[in-house]
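Q: what shape does this take:
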Amino acid sequence: MPLDMAKYLALFVSEAGDHLAKLGAELVQLESAARDGGETQAIVDGLFRHAHSVKGMSASMQLEGIAALAHRAEDLVDVFRRRAASPDPQSVDVLLTTVDALTALVERASRGESPEPDAALLERLTSAAALARSGGAPAARALPGPLPTEAAPVVPQRDPALSQSPRRVTLEVEISRECLVPSVRGFLVVNKLARIGSVVSSSPPVQDLKAGRLPGRKLEVTLETGAPIAEIERLLAQISDLTKGVVREEGPVPAPTPMPIGREERGAEGGRTVRVRVDLLDSFLDAVGELILATARLRELGRAVPEPFRPALEEGVDRLSGTVKDLHDRVMAVRMTPVAVLTERLPRTARDLARRTGKQVEVEVRGADIEIDRAILDELVDPLSHLLRNAVDHGIEAPHLRLLAGKPATGHVRVTARRDRDRVVLEIGDDGKGMDPEKLRAAAVEKGALSRAAADDMGDREALLLACLPGLSTADEVTDVSGRGVGMDAVKRTVEALGGALEVESARGVGTRWILRLPLTVAVQPVLLVDVGGEVLGLPIVKVRGSAHVEMASLETSQGAPVLPYEGKLVPVKDLGDLLGFPARASAAPRSVVVADGDGERVGLAVDALLGQQEAVLKPLAHPLDAVTGLSAVTVLGNGRPVFILDVQRLVAA
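A: Numbering: from 1, shown residues only. This next block holds a predicted model:
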């Protein structure tokens with residue numbers, strides 16, 4: 001790839017990825033609309049625009065292999081666009097295969113390669129287009145030349161026998177509205193013209209084009225060249241997404257004063273959008289976290305300052321704290337990403353799974369514009385995919401069984417995102433056969449994960465969460481999609497590691513709904529500070545359900561262990577110091593018991609004192625502390641004291 005193009009590689013990969021994701025999603029949407037007898041022409045038009053954009057961007061980047069494959073896909077879609085008809089299932093299949101192939105090629109291009117497409121896939125697309133053309137009169141003839149929106153520049157016809165002596169030529173071109181990166185296309189025009197002459201000037205300047213600025217999508221270039229006008233016209237005709245082109249000969253060159261393409265000129269500055277690498281945002285957030293900790297440390301040290309000087313210091317620290325908090329909020333706003341980044345791939349996944357299992361499934365997504373920390377979204381890719389696989393494979397019944405049950409043959413999966421104060425709630429629900437809590441209780445008892453008495457005492461809602469026990473499965477058969485009893489435990493662990501909670505609701509014959517309650521960000525979380533044996537430890541507030549101040553000797557016992565009456569149930573109480581391996585302490589003083597969510601059930605953690613709640617900047621544990629069971633992160637108090645944050649579930653299960 002030429003060096004001039006390499007600087008635009010990240011932008012190309014991002015934009016092409018967006019188009020391909022939308023292309024795949026809209027193909028699934030088209031298939032669903034055609035099946036239901038809905039309007040499809042607007043969707044087909046959208047498919048054409050996405051394929052056309054990928055083709056144009058790839059050509060601009062001189063990635064001819066990607067451009068060729070996108071062009072074949074564009075040809076196939078264009079057949080149906082001209083016939084105002086929906087693609088047949090076989091055409092949808094080959095187009096989806098092409099989307100996957102293009103995605104893989106773009107990924108290879110991101111590593112600096114110039115990949116070539118599979119010849120067999122090119123042939124499949126060509127055959128599919130030919131077959132589609134023969135299926136209807138409007139498409140029976142060969143496709144005409146470029147459409148008006150992608151036409152070659154309209155230039156006056158000139159005598160190719162013009163004098164070859166150097167002369168000055170001015171070219172005016174306009175970039176199509178369908179081109180998402182017009183500045184890149186403009187730079188390509190200048191770059192190609194420089195091969196046949198010297199670029200005297202351009203408006204806007206080349207430096208602005210490199211910075212992503214092309215006002216009005218119009219470009220004017222003055223060129224000194226000895227090439228015939230016909231050659232200039234031919235060169236411009238090779239560049240897609242040019243909707244207008246005018247070539248004017250200004251006369252002989254007055255003096256040879258060519259301007260290098262790289263010359264810097266000042267251009268008008270305006271509001272612009274830039275793409276920032278995620279690792280840079282992470283480093284910014286880490287730096288802001290350090291500022292928050294340093295501010296807390298200054299506030300703590302200020303308490304030792306003599307009284308006459310303290311007000312001025314506290315005022316300065318307050319101003320610093322406000323500025324740091326504002327900076328943190330701004331960095332977090334940049335990191336916030338629409339849930340659509342995560343959900344846009346789900347309809348395609350469901351469609352492929354349904355085809356493999358012989359079912360009919362539609363996916364509806366609501367609230368895709370809700371924003372959440374990008375770091376959380378990255379961690380949710382596998383959990384949401386697993387929940388969707390379970391819904392399609394286990395939840396949704398086969399079409400004939402749904403009809404016998406009085407349901408539509410097509411199953412429905414709804415993915416919903418919504419804000420709930422300072423949290424985001426993601427729900428995945430299906431209208432399938434539902435889950436059987438009694439069957440889950442029996443499977444847990446058989447596996448030895450639960451006693452019969454504990455299973456009988458467990459409510460249906462808690463019993464449904466037994467599906468998250470490792471290796472527990474109630475599937476009638478194991479498929480290559482799911483049914484082995486692995487995955488749901490990982491889903492629960494991931495959600496809880498993010499500071500969230502997983503819930504499930506289900507009714508036999510009606511369906512199942514999984515609920516993920518997630519923080520907006522994992523960088524700063526509220527924690528409850530507790531004292532255990534003189535050590536200060538933190539418990540994630542999201543895990544805490546309540547607390548009580550009791551005399552341990554007064555508690556009732558069950559199976560030799562103390563239990564605490566809480567919300568109508570008996571909660572087992574464990575000494576947090578014992579769980580952590582602290583030296584035993586003999587004391588009859590009353591203790592505080594924190595009721596928290598443990599491994600599938602609530603547990604009481606006996607501590608020496610409750611120290612209050614605090615917003616903590618969480619830092620990951622380094623080796624070898626990351627291998628210590630029960631520790632999840634570390635924070636630093638205002639006095640500089642490090643505090644470990646506990647993983648309650650793993651601590652209790654150990």
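Q: show me what contacts Pro620?
A: Pro620 is in contact with Asp626, Ala633, counting by C-beta atoms under 8 Å, 6 or more residues apart in numbering. Backbone N, C-alpha and C define where each C-beta goes, glycine included.
Q: try it again at 7 Å.
A: Ala633 (C-beta atoms under 7 Å, 6 or more residues apart in numbering).
Q: now do Leu23
A: Leu47, His50, Ala51, Val99.
Q: tell me how many other residues surround the second one.
A: Looking back up the chat, that one is His50. 26 (other C-beta atoms under 10 Å).
Q: same check on the one 5 residues further on?
A: The local packing count at Lys55 equals 25, with neighbours defined by other C-beta under 10 Å.
Q: that one and Leu11, how far apart?
A: Distance, Lys55 to Leu11, using C-beta to C-beta, to the nearest Å: 16 Å.
Q: what's the answer for Tyr566, then?
A: Counting by C-beta to C-beta, the gap from Tyr566 to Leu11 is 56 Å.
Q: residues in contact with the helix or strand where Lys439 lies?
A: Counting by DSSP states H and E, the secondary-structure element that holds Lys439 is helix 437-447. Contacts to helix 437-447, defined as C-beta under 7 Å, 6+ apart, come from residues 450, 452, 455, 458, 460, 463-464, 466-467, 469, 471-472, 474.
Q: repeat that for 10 Å
A: 436, 449-456, 458-467, 469-474, 485, 504, 506, 508, 600 (C-beta atoms under 10 Å, 6 or more residues apart in numbering).
Q: which stretches of the stretch 401-550 of the chain form helices?
A: Using DSSP state H, counting those that start in this stretch, the helices of the stretch 401-550 of the chain run over 437-447, 452-457, 460-464, 488-497.
Q: next, format these as CSV and append mean neighbour count and mean pLDDT.
A: Output for the helices of the stretch 401-550 of the chain, formatted as CSV (neighbours: other C-beta atoms under 10 Å; pLDDT from 0 to 100):
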stretch, mean neighbour count, mean pLDDT
helix 437-447, 17, 88
helix 452-457, 13, 82
helix 460-464, 18, 85
helix 488-497, 19, 84
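Q: Lys192: which of those is closest?
A: Proximity to Lys192 (C-beta to C-beta) singles out helix 488-497 among these, at 49.4 Å.
Q: from the middle of its chain, how far away would that closest one be?
A: The chain centroid and the centroid of helix 488-497 are separated by 18 Å, computed with C-alpha atoms, centre = their mean, to the nearest Å.
Q: by contact count, what packs against it?
A: helix 374-390, strand 501-507, strand 511-519, strand 631-636, helix 648-653 (3 or more C-beta pairs under 10 Å, 6 or more residues apart in numbering; DSSP states H and E).
Q: quick check: which of those is nearest to Gly367?
A: Between those, strand 511-519 lies closest to Gly367; by C-beta to C-beta that is 12.8 Å.
Q: packing partners of the closest one?
A: By 3+ C-beta pairs under 10 Å, 6+ apart, strand 511-519 packs against strand 371-373, helix 374-390, strand 411-420, strand 423-430, helix 488-497, strand 501-507.
Q: mind exporting that strand as PDB, just the C-alpha atoms?
A: The C-alpha trace of strand 511-519 is given here as PDB (Å, rounded to 0.1, in the frame of the first residue of the first chain):
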ATOM      1  CA  GLY A 511     -40.700 -17.500  27.500                       C
ATOM      2  CA  THR A 512     -37.600 -16.500  29.300                       C
ATOM      3  CA  ARG A 513     -36.000 -13.100  30.000                       C
ATOM      4  CA  TRP A 514     -32.400 -12.600  31.200                       C
ATOM      5  CA  ILE A 515     -31.700  -9.200  32.800                       C
ATOM      6  CA  LEU A 516     -28.200  -7.800  33.000                       C
ATOM      7  CA  ARG A 517     -27.900  -4.800  35.400                       C
ATOM      8  CA  LEU A 518     -24.600  -3.000  34.600                       C
ATOM      9  CA  PRO A 519     -22.700   0.100  35.800                       C
END
